[in-house]
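Student: Return a 3D structure for these sequence lines:
(one chain, ligands or ions: 1)
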Amino acid sequence: MNQPDALSKVQLSFIGCGAMAEAIIAGLLKNQLLKPEQVVGSHPRTERREELQAKYGIRIVENNRAAVAFGHSSERAKDRKKASSIVILTVKPQRLGALLGELREVVQQDQLVLSIVAGARIETIANDLLHRSIVRAMPNTPAQIGQGMTVWTATPEVSEAQLVQIHTILGALGRELHVTEEKMIDMATALSATGPTYIFLVMEALIDAGVHLGFSRHMAQELVLQTMLGSVLFAQESHKHPAELRNMVTSPGGTSAEAIYQMEKGSLRTVLSKAVWAAYQRAAALGRKVNLEVCL
Ligand SMILES: NC(=O)c1ccc[n+]([C@@H]2O[C@H](COP(=O)([O-])OP(=O)(O)OC[C@H]3O[C@@H](n4cnc5c(N)ncnc54)[C@H](OP(=O)(O)O)[C@@H]3O)[C@@H](O)[C@H]2O)c1
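Tutor: Here you go, the predicted structure:
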């Protein structure tokens, strides 16, 4: 679905140009999927506006409404038939309520709204903006180096051409997966968006275990990071189930068997399963909160 020229006639308006907006902009420009003049962003702070303008050659304005209106009018002026405009909401969840009020009646019906705001349901955005063409996406932090996992869903009003554009935009963050049910966004929030937290905790615990054995912290970190990276690549490239890969290194009465016994005794699987389930319940509860006061 990802097409190199999918964004050639698209104008993007980023509202709130922080870490995630910058990751998307950098990915799109680096992969030459669009030109700097196709991007406009808004940011309240002068230094940040100047920084992004200098770094990427894009237009950054102070006013959110102006960014939305500029995105719509500039592409339209070039080619009325083929132009399209996407408004990308990248503010923190606690800012979203006020922002939607600010943008109501500014977002035009032929503009597509893409939200990556954690916990913000499509229904909330649609009702507050009085707008129907909406995509809700949930990336994760490795997106900031183009290695993210983003799960997204779209309302029925989003056209086929716009779906292709979204595949391309979110593809700039790493891998992307289109799902049909919004419930799966909450599920992905628990598994892939919160996922780096589980991995970093395990990473940290293994490094500490290495230090406990007598390695320097620096050596323990190198051993653990390369082991994790190599194991992920091995699983990906071999296409084998993790249990099969684990069995390959578990000799009878050996070190892996001894370590597995201790992990099972300590209920590691149950703890991880409970953690993901709890994160899912939390994501669903946050989505029900209208004021969106809490974030990931
Ligand atoms: N980071 C991730 O990996 C990740 C993963 C999944 C989902 N998300 C979602 O992505 C969204 C953005 O996250 P982020 O990490 O990029 O946050 P961020 O770096 O804080 O970016 C948000 C930006 O919006 C600016 N801002 C504040 N108030 C504004 C307003 N009224 N109008 C316009 N801009 C305003 C902030 O300015 P200041 O710098 O002055 O505060 C900040 O630069 C969040 O909703 C988050 O839930 C992020």
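Student: make it CA atoms for all contacts and neighbour counts henceforth
Tutor: Will do.
Student: Next to the ligand, which bits of the stretch 1-150 of the chain? Give me the list.
Tutor: Contact residues (CA under 6 Å from any ligand atom) of the stretch 1-150 of the chain with the ligand: 15-21, 42-45, 90-93, 95, 116-118, 138-141.
Student: Need the buried ones from those selected in ChimeraX.
Tutor: Command for ChimeraX, covering only those of these found buried under the criterion 16 or more other CA atoms under 10 Å:
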select :15,16,17,18,20,21,42,43,90,91,92,93,116,117,118,138,139,140,141
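Student: just checking, which of the residues of the stretch 1-150 of the chain next to the ligand belong to strands?
Tutor: Applying DSSP state E to these, the entries found in strands are Ile15, Ser42, Met138.
Student: so the first one touches Val39, yeah?
Tutor: Going back to what we said before, that points to Ile15. No. When contacts are counted by CA atoms under 8 Å, Ile15 is not listed as touching Val39 (11.1 Å).
Student: shared neighbours, the two?
Tutor: Counting by CA atoms under 8 Å, 6 or more residues apart in numbering, Ile15 and Val39 have no common neighbour.
Student: could you give me the average pLDDT of whichever strand or helix holds Glu123?
Tutor: If you go by DSSP states H and E, Glu123 is part of helix 122-129. Here helix 122-129 scores 95 as its mean pLDDT.
Student: Quick check: buried residues in it?
Tutor: Ile122, Thr124, Ile125, Ala126, Asp128, Leu129.
Student: The fourth one and the ligand, how far apart?
Tutor: Distance, Ala126 to the ligand, using CA to the nearest ligand atom, to the nearest Å: 16 Å.
Student: Equivalent analysis for Leu129, please.
Tutor: Counting by CA to the nearest ligand atom, the gap from Leu129 to the ligand is 15 Å.
Student: Can you verify my assumption that that residue contacts Arg104?
Tutor: Yes. At 4.6 Å, Leu129 and Arg104 qualify as touching, with contact defined as CA under 8 Å.
Student: give me the number of residues near Leu229?
Tutor: 10 (other CA atoms under 10 Å).
Student: Likewise for Ala6?
Tutor: By other CA under 10 Å, 20 other residues sit near Ala6.
Student: so the nearest residue to it once chain neighbours are set aside is in which element?
Tutor: Excluding the flanking residues, the one nearest Ala6 by CA to CA, 6 or more residues apart in numbering is Gln165, at 5.5 Å. Here Gln165, judged by DSSP H and E, is contained in helix 160-171.
Student: cool, and Ser13?
Tutor: strand 10-15.
Student: How about Glu264?
Tutor: Assigned by DSSP H and E, Glu264 falls in helix 255-265.
Student: Now do that helix, average pLDDT.
Tutor: Here the average pLDDT along helix 255-265 is 96.
Student: Just checking the distance from whatever helix or strand comes next after it to the centre of its chain.
Tutor: Downstream of helix 255-265, the next assigned helix or strand under DSSP H and E is helix 268-288. Here helix 268-288 shows a centroid-to-chain-centroid distance of 18 Å under the convention CA atoms, centre = their mean, to the nearest Å.
Student: And helix 268-288, what's buried?
Tutor: Within helix 268-288, the residues that count as buried by 16+ other CA under 10 Å are Val276, Ala279, Tyr280, Arg282, Ala283, Ala284, Leu286, Gly287.
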